[in-house]
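1. okay, sequence plus prediction incoming.
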There are 2 protein chains.
Amino acid sequence: MTDDDRPYHHGNLRRAVLDAALDVIAAQGPGAVSLRDLARRAGVSHAAPAHHFKDRAGLLTAVAAEGNALLAESLEAAADLEDLGVRYVRFALAHPAHFQVMYQPHLLHPDAPDLAAARDRVDRTLRAAIAALPDSDRGPDPERARLAAWSAAHGFATLALSGSLDASLAGHDDPAEVFRSFTHLMFNSAAR
Amino acid sequence: MTDDDRPYHHGNLRRAVLDAALDVIAAQGPGAVSLRDLARRAGVSHAAPAHHFKDRAGLLTAVAAEGNALLAESLEAAADLEDLGVRYVRFALAHPAHFQVMYQPHLLHPDAPDLAAARDRVDRTLRAAIAALPDSDRGPDPERARLAAWSAAHGFATLALSGSLDASLAGHDDPAEVFRSFTHLMFNSAAR
DNA sequence: AGGCAATCTAGTCAATGTAAAGATCGATCT
DNA sequence: AGATCGATCTTTACATTGACTAGATTGCCT
């Protein structure tokens, strides 16, 4: 018994809620996400999203899984490790909402199969890029090189998103290129 | 008109609430912090914490400020840049609750003077450590070296706290030493 | 045409954040 | 010592939220 013309079924509520969630997260952080608010934005009843995501954590898990999938897609197209690092940073800055949720386990359902699968994809891509390094650059311990590369990219991305680098990045138009400017140096030596 | 022996004034409610908050954050993340729950743990009425911290954000801002102060204290005792990086990682792992909150602007009051002051202290310490590098290691652009060093330490700490490195760190008893093992390599080259 | 599963609505309950107004205490001043 | 003032805490109240349940609606499949 609805007064308006709105059809009973939304059509693509899952995507609509996800998109609304991404807006809220990008603007106000994951803590500001309210299932009821997202329902209002999508023009459905307050309990409708629950059927698609079960939980608040379920919604954020879906965001994290989508984020990892998007990230994997970009990284898989990387030319080499440096390019992969730059792509990692670029992804974080282009998809801040996804990125913010991906590495906060407390917000997520620990063992969601699709999330784990997407993470594996990212992981394999990084390992492949390390393995593809020329011998002169890879160094004796690939695992160590992997941690170094991931830490550098992840740290830069995280700090940039948190605003901690605002002063340092003020002049530059593309923060990812700032990252490239020193990652290039670091990995001639991580190799040694 | 309270039935129990509990005195009207707690004595040190501010500290009690902060400590309870740190427990909750470390165990369940900042999202699980409830002012009412902390009040219950401290044995006071549910509105008592508000007088000390104003907001939920006010409480977390106090946590972040305290965290930065503790971090600054540790970093100021660092022998050199490598030691400073290891101390950064060690702090994050020893004070996960503080660290988790420090870099999430959405949880905090943007312009809290004490927080800004504590952050400045950390910032100055890092710049000093960069400046104290031998010429052969510092390289042409100190700012670039600063971003590289901070990114590496911050990324490793963040990834470790999020559990992303659990598999890689399984064998080692001190993750901070794993970090040292590759930061040492990186900065011979960031210098070049 | 009939039935079935997916999708959505409506109603409800406990928990939370936040605000306002009053009670209690302790320190300081005279 | 006694009064006063500010800080600390309690009580009450209200709007919002997450989560659960039962029921309504729809599209699809056979």
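-> That came through, no problem. Residues are numbered from 1 along each chain as shown, chains lettered A, B, ... in the order given.
2. and stretch A:68-86, which residues are buried?
-> A:68-72, A:74-75, A:78, A:81-82, A:84-86 (16 or more other Cβ atoms under 10 Å in any protein chain shown). Just so you know, the C-beta spots here come from the backbone N, C-alpha and C atoms, and that holds for glycine as well.
3. over to stretch A:40-58?
-> A:42, A:44, A:48-49, A:52-53, A:56-58.
4. turn these into TSV, columns for distance to residue B:90, secondary structure and pLDDT.
-> Output for the buried residues of stretch A:40-58, formatted as TSV (distance: Cβ to Cβ, whole Å; DSSP: H, G, I helix; E, B strand; the rest coil; pLDDT from 0 to 100):
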residue	distance to residue B:90	secondary structure	pLDDT
A:42	46	helix	96
A:44	48	coil	96
A:48	47	helix	97
A:49	42	helix	97
A:52	42	helix	96
A:53	38	helix	96
A:56	33	helix	98
A:57	31	helix	98
A:58	35	helix	97
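5. what's the farthest-apart pair in those?
-> A:44 and A:57 (20.1 Å; Cβ to Cβ).
6. domain assignment for chain A?
-> Per automatic domain parsing, the structural domains of chain A span A:1-53, A:56-189.
7. among the ones you listed, which is nearest residue B:147?
-> domain A:56-189 (6.2 Å).
8. can the closest one be said to contact DNA strand D?
-> Yes - interface with DNA strand D: domain A:56-189 contributes A:56-57 (Cβ under 7 Å from any atom of the strand).
9. that domain close to chain B?
-> Yes - using Cβ under 8 Å from any Cβ of the partner chain, domain A:56-189 reaches chain B at A:103-107, A:139, A:143-148, A:150-159, A:162-165, A:168, A:178-179, A:181-183, A:185-189.
10. re the thing from before, ok, so of the buried residues of stretch A:40-58, who is nearest DNA strand D?
-> residue A:56 (3.9 Å; Cβ to the nearest atom of the strand).
11. list the residues that contact that closest one.
-> Residues in contact with residue A:56, defined by Cβ atoms under 8 Å, 6 or more residues apart in numbering or on different chains, are A:33, A:35.
12. can you give me the helices for chain A?
-> Assigned by DSSP state H, the helices in chain A fall at A:13-28, A:35-42, A:48-53, A:56-75, A:81-94, A:96-102, A:113-131, A:135-138, A:142-161, A:166-169, A:175-189.
13. buried set for the helix or strand of chain A with the lowest mean pLDDT?
-> Within chain A, confidence by mean pLDDT, DSSP states H and E is lowest for helix A:135-138 among all helices and strands, at a mean of 78. The neighbour-count check on helix A:135-138 (16+ other Cβ under 10 Å) flags A:137-138 as buried.
14. and it, how far out from the chain middle?
-> 29 Å (Cα atoms, centre = their mean, to the nearest Å).
15. cool, stretch A:51-66 as well?
-> 14 Å.
16. any bit of it sitting next to DNA strand C?
-> Yes - legend: contact between stretch A:51-66 and DNA strand C by Cβ under 7 Å from any atom of the strand is shown at A:51-52.
17. which residue is the nearest non-sequential neighbour of residue A:26?
-> residue A:97 (4.2 Å; Cβ to Cβ, 6 or more residues apart in numbering or on different chains).
18. so which of the helices of chain A gets nearest residue B:62?
-> Once those are compared by Cβ to Cβ, helix A:13-28 is nearest, at 20.8 Å.
19. what angle sits between the closest one and helix A:56-75?
-> In terms of direction (axes from the mean of the first three to the mean of the last three Cα atoms, to 10 degrees), helix A:13-28 departs from helix A:56-75 by 80 degrees.
20. let me know the pLDDT of residue A:187.
-> Residue A:187 is assigned 68 on the pLDDT scale.
21. point out where chain A drops to low pLDDT.
-> A:1-6, A:8-9, A:187-192 (pLDDT under 70).
22. next, name the residue at the spatial heart of it.
-> residue A:99 (2.8 Å; Cα atoms, centre = their mean).
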